[in-house]
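[1] predicted model follows, preceded by the sequence.
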Amino acid sequence: MNEKVINLFSDPSRWRDILIPGDCLDILKQMPADAVDLVVTSPPYADRRKQTYGGIHPDHYVEWFLPIAEQLRRVLKPSGTFILNITFGRGFIALAMIYFGKWKPYRILLPLIIFGFVDSLQLGVQTLGVPIKYFFLNMIPYITIVALIPIFGRHAEAPAALMEPYKKGG
């Protein structure tokens, strides 16, 4: 066990804004239980990242991830939040933002800023221990964008060529 890591875990006030290099399973086993407010993870996808992670065959992926998931659950506070896969439905909200921005790239900047701000705000609220279930807080940025579409997306028209097959030179 790394002595430096053990000393770090003995004082939770020193955990803010740090990265701890190492194998996550080894590090998690050294951490005390019920100590973390937020876990955000996007594990490697099976054997797609052979160069970086050595590759996990899809048939063994769940078996590989379960011990890590058990440790994540152990260190997460009962009131904590667990986010698996950092994309977290953002592909669908991106489509709403395009409509919000009336199909104009420069107009999409506003909903991106609003979404990012509200998402950061709800993550901050989660760390304060507010007695609201995390999944309700996670919905706030999405609801905000969808609620603003009637205001900012009014009179939005899709490009005339949308869904038309592309013909080179035509």
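    Alright, I've got the coordinates. Residues are numbered from 1 along each chain as shown.
[2] now stretch 143-154: buried residues?
    Using 16 or more other Cβ atoms under 10 Å as the test for burial, stretch 143-154 gives 144-145, 148, 152-153. Bear in mind the C-beta positions are built from the backbone N, C-alpha and C, glycine included.
[3] for stretch 114-125, that is, sorry about that
    Quick answer for stretch 114-125 (16+ other Cβ under 10 Å): 114-115, 118-119, 122-123.
[4] again with stretch 128-138
    134, 137-138.
[5] would you map out the domains in this structure?
    By the assignment in automatic domain parsing, the chain contains the domains 1-86, 87-155.
[6] quick one: those as a markdown table, columns for distance to residue 167 and mean pLDDT too.
    Formatted as a markdown table, those follow (distance: least, Cβ to Cβ, whole Å; pLDDT from 0 to 100):
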| stretch | distance to residue 167 | mean pLDDT |
| --- | --- | --- |
| domain 1-86 | 34 | 76 |
| domain 87-155 | 21 | 83 |
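[7] quick one: the helices in the chain?
    Secondary structure of the chain (DSSP state H): helices at 3-9, 24-30, 50-53, 61-75, 90-100, 109-127, 134-152.
[8] closest to residue 84 out of the ones you listed?
    Closest approach to residue 84 among those is made by helix 61-75 (8.6 Å; Cβ to Cβ).
[9] which other helices and strands contact the closest one?
    Contact partners of helix 61-75 among helices and strands, from 3 or more Cβ pairs under 8 Å, 6 or more residues apart in numbering; DSSP states H and E: helix 24-30, strand 36-41.
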